[in-house]
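**Student:** Sequence plus predicted model, see below.
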Amino acid sequence: MAKDCCKDFHTKVYKKNMGDNTKKDTILIVDDSPENISLISSLLKGIYKIKVAINGKKALQIASSNDPPDLILLDIMMPEMDGYETCRHLKSDLKTAAIPVIFLTSKDQTEDEQMGLELGAVDYITKPVSPPIVCARVKNHLELSRAYKHLKAQAECLKDQAECLKEQAECLKDQTEQLEIQNKELIETNRLREDIERITRHDLKSPLNGIINFPELIRLEGGLNEKQTKYLQRIVEGGYKMLSMINLSLDIFKMERGIYPFKPESVNILTVIDNITRELQNYIQLKNISISIILNDTLINKNELSNRSIAFFVQGEELLCYSMLSNLLKNAVEASPQSGTINISLTDTITHSIENYNVFQKDLKMCKKKAVIRIHNQGAVPHDIRDRFFNKYITSGKQKGTGLGTYSAKLIAHTQKGEITMETSEEGGTSIIICLNRA
């Protein structure tokens with residue numbers, strides 16, 4: 001930025017002083033002798049623009065005009081105002097002080113030359129002159145003058161750049177101070193968010209634990225009719241749904257950054273699946289879908305599932321498992337054709353017709369303690385999202401879809417030290433395979 005603020009100025013100055021070779025330099029010849037003026041003019045007029053003055057007073061007028069000469073050839077011995085006095089006036093005026101002056105005189109004493117140079121002349125040539133010497137010295141001093149002007153312009157440019165840098169430094173200082181203020185605000189906001197999160201966990205999750213657990217205790221007491229049992233189940237389902245929403249809203253952020261405090265426990269996946277299928281029952285009936293749950297190649301009937309007489313334990317957190325499987329089962333119902341079938345298979349090994357088992361374990365001996373959950377529906381994943389199925393915000397054909405269901409399922413699986421993958425084809429339908437640690 002500092003360079004840009006001076007760039008145009010610098011370019012203009014350079015072109016004016018160094019780059020414009022079409023404009024002839026102007027030489028002012030000051031001499032009271034017409035013969036001398038004629039001689040010097042004849043040497044230079046083909047190369048330079050020539051101006052003449054026959055006395056010092058006229059020379060000063062031309063030099064201070066709006067079109068000053070680029071170099072002055074000045075005689076010393078002139079009436080009224082000699083060359084020394086003329087040079088003294090030229091160098092004392094800021095408007096003319098930078099014009100190079102070469103004395104051109106018959107005075108050849110050392111003290112004469114010394115005086116001329118002390119007055120500010122750049123050179124001293126004695127008469128009779130040597131034409132090549134005059135031409136060469138005029139040329140050299142014009143080039144030196146242009147170089148001086150260019151260096152002066154550069155110095156001015158650097159001064160402007162320094163001012164720009166100073167302004168930018170002040171601006172950066174202000175921005176830094178502003179960023180520090182914003183950073184403090186962000187830290188405070190983050191601290192507030194964490195406080196709210198803790199409050200939310202305590203104030204919402206703790207009461208919901210009672211809402212979920214007490215209906216089961218009431219059911220175990222017995223003496224309930226079918227309608228009352230159904231109402232209790234709906235309370236449990238609503239509690240789980242609420243907990244799932246709270247869990248996702250609070251924990252996804254930490255899972256994305258790998259800082260979620262995972263605390264594994266034994267979770268009965270069959271109980272989780274039963275609760276989810278009950279919650280989705282209306283949607284399942286609307287599409288006339290049948291759901292089969294298979295445990296190690298054995299079909300489980302509804303009574304066994306409802307009575308909690310069988311179990312399939314994994315290492316995880318119940319609420320995380322609920323959120324993960326709820327998203328995946330809901331997706332399976334939505335993707336399943338009308339009157340289709342959804343198979344939920346649970347196995348103790350990874351060898352049950354899973355094509356991508358290498359995703360989970362390369363060594364099958366290590367899979368003996370793995371729990372594999374496979375959710376299959378007869379629909380196929382659209383081609384345009386197959387490679388991005390578990391990416392964030394990926395959805396297809398859902399007007400109200402957020403694209404977070406499969407993404408959060410993958411996060412939850414990984415958080416629970418597991419893996420998840422997807423197989424799909426037009427002929428074979430779609431399978432989501434989750435591998436978790438067996439409890």
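**Tutor:** Alright, I've got the coordinates.
**Student:** Please enumerate the helices of the protein.
**Tutor:** 2-14, 34-44, 56-63, 83-92, 110-118, 131-200, 206-221, 226-256, 269-279, 281-286, 302-306, 318-335, 405-415 (DSSP state H).
**Student:** Next one: the residue positioned nearest the centre of the chain from residue 171, what distance?
**Tutor:** Centroid-nearest residue in the chain: residue 179, 16.2 Å away (criterion: Cα atoms, centre = their mean). Taking Cβ to Cβ, to the nearest Å as the measure, residue 179 falls 12 Å from residue 171. For every residue, glycine as well, the C-beta is placed using N, CA and C.
**Student:** cool, residue 209 as well?
**Tutor:** Using Cβ to Cβ, residue 209 is found at 55 Å from residue 171.
**Student:** Please report the distance of the residue nearest to the centre of the chain from residue 255.
**Tutor:** 29 Å.
**Student:** same thing with residue 58?
**Tutor:** Distance from residue 58 to residue 255, by Cβ to Cβ: 92 Å.
**Student:** again, but for residue 420
**Tutor:** Taking Cβ to Cβ, one finds residue 420 at 13 Å from residue 255.
**Student:** so what's in contact with those two at the same time?
**Tutor:** residue 414 (Cβ atoms under 8 Å, 6 or more residues apart in numbering).
**Student:** Looking at these two, which one has more neighbours?
**Tutor:** Between residue 420 and residue 255, residue 420 has the larger neighbour count (other Cβ atoms under 10 Å), namely 23 against 18.
**Student:** Nearest residue to the more buried one in space, please, no chain neighbours.
**Tutor:** Distances taken as Cβ to Cβ, 6 or more residues apart in numbering put residue 413 closest to residue 420, at 4.1 Å, once the chain neighbours are dropped.
**Student:** which ones are touching that neighbour?
**Tutor:** Each residue near residue 413 by Cβ under 8 Å, 6+ apart is listed here: 324, 419, 420, 434, 435, 436.
**Student:** and those residues as a markdown table, adding pLDDT?
**Tutor:** Shown next, in a markdown table, are these (pLDDT from 0 to 100):
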| residue | pLDDT |
| --- | --- |
| 324 | 93 |
| 419 | 93 |
| 420 | 94 |
| 434 | 94 |
| 435 | 94 |
| 436 | 94 |
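**Student:** Please identify the member of those with the greatest number of neighbours.
**Tutor:** residue 324 (31 neighbours).
**Student:** From residue 242, how far off is the residue nearest to residue 25 when sequence neighbours are not counted?
**Tutor:** In space, and not counting its chain neighbours, residue 25 is closest to residue 70: 4.2 Å by Cβ to Cβ, 6+ apart. As judged by Cβ to Cβ, residue 70 and residue 242 stand 90 Å apart.
**Student:** When these two are compared, which one has more neighbours?
**Tutor:** Between residue 70 and residue 242, counted using other Cβ under 10 Å, the more crowded position is residue 70 (20 against 16).
**Student:** how is the chain carved up into domains?
**Tutor:** Listed domain ranges for the chain are 2-164, 226-437 (source: automatic domain parsing).
**Student:** Least reliable of those domains by average pLDDT, please.
**Tutor:** Mean pLDDT is lowest for domain 226-437 among the domains of the chain, at a mean of 84.
**Student:** Distance from the chain centre to it, please.
**Tutor:** 37 Å (Cα atoms, centre = their mean, to the nearest Å).
**Student:** end-to-end on that domain?
**Tutor:** End-to-end distance for domain 226-437, by Cα to Cα, to the nearest Å: 37 Å.
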